[in-house]
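> could you work out the structure for the sequence below:
(2 chains)
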Amino acid sequence: MKHTKHYWRAGFLLVGGLIGFIFVRHFLVPTSFGQFGFYRGTNLAEQQAKSVVHGGKESCSTCHEDVAKNHAAGSHAVVQCENCHAALSKHINKDGEFVELMPIDRSPQLCLRCHRSLPSRPTGFPQIETKEHLGLDEPELQAGACLACHNSHRPSLEKKKVKYENNG
Amino acid sequence: MFETINFLFPNDLHIHWSLMIVMYPYITGLVAGAFIVSSLYHVFGKIEFRPIGRFSLLTSLAFLLTATLPLLNHLGHPERAMNIMITPHFSSAMAGFGILYTFYLIVLTLEVWLVFRKDIVDYARASTGLRRTMYKILALGVYDTSPEALEKDHKVVKVLAAIGIPAACMLHGYVGFLFGGIKANPWWSTPLMPVIFLFSAVVSGIAALVIFYQIAMRWRGEAISADCIRGLARWLWLFLIMTVTLELLEIITLAYEQAEEWEVIAPLLTHQLSFSFISLQMIIGALIPMILLMITVLMDSFMKDKLRNMLTFIASSLLLIQVFAMRWNVVIGGQIFSKSFRGFRDYTPHFLEKEGVLAAILLGLLPCVLLIVLSRVLPPFRSQKEPIG
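All right, here's what the predicted structure looks like:
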């Protein structure tokens, strides 16, 4: 076989590349991969070991009974407290100790995230165009623009007979 | 927003496969198209393509090396890209891409290497210093350019090109399969999709070569080979006819069947996509180049070289737009209508966003820059008097 030296070299390179790939792959594929399925087996334990971040609205009511009660009576009862504020663990740690104050978002964007009218929302869902609702476009709204009339925890203004408590 | 929005499912509001997913089949298509042209010379002995036989290989390589970038930009986390290679799941079409892509890259690199090997050795002999080292490494240290060795190279190139054709077809047909295999979407789900993608890929590849070749010759101040342009125009015309036929065939079938999906696809084509489909893909991008190419091919004997060059250049530029519009209409069009079949959403890429217009332009320019760099390292054009080698 004359004149084939360069083929041998190219062949060695390719085979070397393949062996290199198998070698590197050996280290890149996690050892527990495929233990239970097409994923890293130890991942299950890692997920289990994660501490609980959210508490659900029940977790707030022990300390914020007034707000919780007010919230549960209105149409926002279906909306989790942590959906508008932040995760419980940011505020109270797992031993029930205070960590830091819960954030409060007073921007109209908080409300519009759910109430901006979009074609993909069910028609029965309360949605608004800010231009029609307040005469202003979205970027022109100031912080607290919605809270001037609506109570964030119990936003309905229709049922006039509901007496609003100012504390929640 | 359009007036005819009607009803969208809540998870149908956003277009998730953005402009980047339009770029991805576009660039991959250019790879396959340029490769087919090179094979016309290397395998099928179409001697008129000799001037671009080597250049088309470099074009294919330059676009292949950048083909995955739009995807990586779209997905984010490029460092995870290799997971699909080290733990491929064979029920995933995307994992199939990793394997096809690698195989094709190896075949193409080997072919480029063998085609340029004599030049590489000559440069290694003639240069000094770093340049010499670079060419020496590229030659793998073997300076054998005896006629027997070159003869052998020539044969192996033929075999590689022959393997490369099905590989290129599979690489791009597979991109069409990614869409054609999505059964929830009537605008995508058709076995014709891979074939349509493949043919339009060849159209875009030939068109790009017409443009690149003419620009390169202008740049070098050399004569544009009339035979080459004549041949390219003929093949371009043929593939354009087949592409448009297939594209129309798909729509005519849908229209004739009048199944429930036609209720949404008809307004999609006539309203939402009226500009990109009717104006760009069908009229400006297909009808006009079809006429221009018909004139170039049929009235060839009456034509001066300059006019032929100009007509093919214009037709090719329009065809590059056509193929891009086709990718857009498939990728974006397929997501503009809701799975409810009753509503539409809207998509306009912004200029500066991560997957926006600027990113797409840069990703389109990158392979061109790479091509220029590759052409510096491995000059593909020879003066026309040199013997065939």
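> near A:C149, how many other residues are there?
Neighbourhood size, A:C149 [other CB atoms under 10 Å in any protein chain shown]: 10. Yep, even glycine has a C-beta here, placed from its N, CA and C like the rest.
> need the nearest residue in space to it, chain neighbours excluded.
Distance criterion CB to CB, 6 or more residues apart in numbering or on different chains; nearest residue to A:C149, sequence neighbours excluded, is A:L157 at 6.5 Å.
> next, count neighbours for the one you found.
Residues lying near A:L157 (other CB under 10 Å) number 11.
> same check on A:T130?
21.
> go on, B:E263?
Burial of B:E263 is recorded as 13 neighbouring residues (other CB under 10 Å).
> state the pLDDT value of the nearest residue to it once chain neighbours are set aside.
Of all residues not flanking B:E263 in the chain, B:F341 sits nearest, at 6.2 Å (CB to CB, 6+ apart). pLDDT, B:F341: 86.
> name the residues of the stretch 151-300 of chain B found near chain A, please.
Taking CB under 8 Å from any CB of the partner chain, the part of the stretch 151-300 of chain B that reaches chain A is made up of B:K152, B:V156.
> which parts of the stretch 151-300 of chain B are helices?
B:192-220, B:226-257, B:262-267, B:288-298 (DSSP state H, counting those that start in this stretch).
> I'd say B:F197 and B:Y24 touch.
No. Using CB atoms under 8 Å as the test, B:F197 is too far from B:Y24 to be in contact (11.4 Å).
> higher neighbour count, those two?
Relative neighbour count places B:F197 above the other of B:F197 and B:Y24, with 29 against 24, counting by other CB under 10 Å.
> can you list the weak-confidence ranges in chain B?
For chain B, residues meeting the criterion pLDDT under 70 lie at B:1-5, B:383-389.
> quick one: the top helix by length along chain A to chain centroid distance?
Ranked by number of residues, the top helix in chain A under DSSP state H is helix A:5-28. Distance of helix A:5-28 from its chain centroid, counting by CA atoms, centre = their mean, to the nearest Å, is 45 Å.
> circling back to that earlier point, the residue nearest to B:E263 against B:E260, yeah?
Yes. Using CB under 8 Å, B:F341 makes contact with B:E260 at a distance of 6.5 Å.
> between these two, which one's more packed in?
Neighbour count, other CB under 10 Å: between B:F341 and B:E260, B:F341 has more, with 15 against 9.
> quick one: secondary structure of the more buried one?
Three-state call for B:F341 (DSSP: H, G, I helix; E, B strand; the rest coil): coil.
> contacting residues for it?
Going by CB atoms under 8 Å, 6 or more residues apart in numbering or on different chains, B:F341 touches B:E260, B:E261, B:E263, B:V264.
> skipping adjacent residues, who's closest to the last one in space?
In this case it means B:V264. Setting aside the residues directly before and after it, B:V264 is nearest to B:F341 in space (CB to CB, 6+ apart), at 4.3 Å.
> around chain B, pick out the residues from chain A.
So chain A meets chain B at A:2-7, A:9-10, A:13-14, A:25, A:28-29, A:33, A:38, A:118-122 (CB under 8 Å from any CB).
> now the buried members of those.
A:H3, A:H6, A:Y7, A:A10, A:F33, A:P119, A:S120, A:R121 (16 or more other CB atoms under 10 Å in any protein chain shown).
> is it correct that the first one falls within a strand?
No. Secondary structure assignment places A:H3 outside any strand; it is coil (three-state DSSP).
> below-threshold pLDDT in chain A: ranges please.
Along chain A, the parts satisfying pLDDT under 70 run over A:1, A:158-168.
> do that again at 50, thanks
A:160-168 (pLDDT under 50).
> per the record, what domains does it have?
Domain assignment for chain A by automatic domain parsing gives A:52-104, A:105-168.
> nearest to chain A within the stretch 251-389 of chain B, name that residue for me.
B:G343 (6.3 Å; CB to the nearest CB).
> B:L13 is in contact with that residue, correct?
No. The pair B:G343 / B:L13 is not scored as a contact, 10.0 Å apart, by CB under 8 Å.
> compare neighbour counts for the two and give me the winner.
A side-by-side neighbour count of B:G343 and B:L13, using other CB under 10 Å, places B:G343 first with 21 against 14.
> OK, contacts around B:V203?
With contact set as CB under 8 Å, 6+ apart, B:V203 has these partners: B:G33, B:L236, B:F239, B:L240, B:T243, B:L319, B:Q322, B:V323.
> number of nearby residues for the closest residue to it other than its chain neighbours?
Leaving aside its chain neighbours, B:V203 sits nearest to B:F239 (4.9 Å; criterion: CB to CB, 6+ apart). Applying other CB under 10 Å, we find 23 residues neighbouring B:F239.
> contacting residues for B:F239?
B:F199, B:V202, B:V203, B:I206.
> now swap in A:V29 and tell me
A:V29 sits next to B:I86, B:T87 when contact means CB under 8 Å, 6+ apart.
> give me the helices and strands touching the helix or strand encompassing B:I84, please.
Taking DSSP states H and E as the definition, B:I84 sits inside helix B:83-86. Contact analysis of helix B:83-86 by 3 or more CB pairs under 8 Å, 6 or more residues apart in numbering or on different chains; DSSP states H and E lists helix B:93-126 as its packing neighbours.
> at 10 Å instead, please
If you count contacts as 3 or more CB pairs under 10 Å, 6 or more residues apart in numbering or on different chains; DSSP states H and E, helix B:83-86 packs onto helix A:5-28, helix B:93-126.
> those: which one's closest to B:L69?
Nearest of the helices and strands packed on helix B:83-86 to B:L69, taken as CB to CB: helix B:93-126 at 12.5 Å.
> how about that closest one: buried residues?
By neighbour count on 16+ other CB under 10 Å, the buried set for helix B:93-126 is B:95-98, B:100-101, B:104-105, B:107-121, B:123-124.
> same check on stretch B:214-223?
Neighbour-count burial for stretch B:214-223 [16+ other CB under 10 Å]: B:Q214, B:A216, B:M217.
> so what's the closest residue to the last one other than its chain neighbours up against?
Okay, so that is B:M217. In this structure, B:M217 finds its nearest non-sequential neighbour in B:I224, 4.7 Å apart by CB to CB, 6+ apart. Each residue near B:I224 by CB atoms under 10 Å, 6 or more residues apart in numbering or on different chains is listed here: B:51, B:210, B:213-214, B:216-218, B:305-306, B:308-309, B:312-313.
> let's see that with 8 Å instead.
For B:I224, the contacting residues are B:Y213, B:Q214, B:M217, B:D305, B:N309, by CB under 8 Å, 6+ apart.
> straight-line length of stretch A:101-113, end to end?
Distance across stretch A:101-113, first residue to last, is 23 Å (CA to CA, to the nearest Å).
> so what touches that stretch?
With contact meaning CB under 8 Å, 6+ apart, stretch A:101-113 is reached by A:84-86, A:90-91, A:130, A:138, A:141-147, A:150, A:152.
> if we go to 7 Å?
Residues external to stretch A:101-113 that are found in contact with it (CB atoms under 7 Å, 6 or more residues apart in numbering or on different chains): A:C84, A:H85, A:A86, A:H91, A:E138, A:L141, A:A143, A:G144, A:A145, A:C146, A:L147.
> give me the nearest residue to the last one, chain neighbours excluded.
By the measure of CB to CB, 6+ apart, the closest residue to A:L147 outside its immediate chain neighbours is A:R106, 6.1 Å from it.
> go on, the first one?
On the basis of CB to CB, 6+ apart, the spatially nearest residue to A:C84 that is not a chain neighbour turns out to be A:L110, at 6.2 Å.
> just give me the neighbour total for the one you found.
By other CB under 10 Å, 18 other residues sit near A:L110.
> any idea which helix or strand carries it?
Counting by DSSP H and E, A:L110 is found in helix A:108-115.
> following the chain onward from that helix, which element is next?
Using DSSP H and E, the helix or strand that directly follows helix A:108-115 along the chain is helix A:130-134.
> ok now that following helix, how far from the chain's centre?
On the basis of CA atoms, centre = their mean, helix A:130-134 sits 28 Å off its chain's mean C-alpha point.
> and what of stretch A:55-74?
How far stretch A:55-74 lies from its chain's middle: 20 Å, per CA atoms, centre = their mean.
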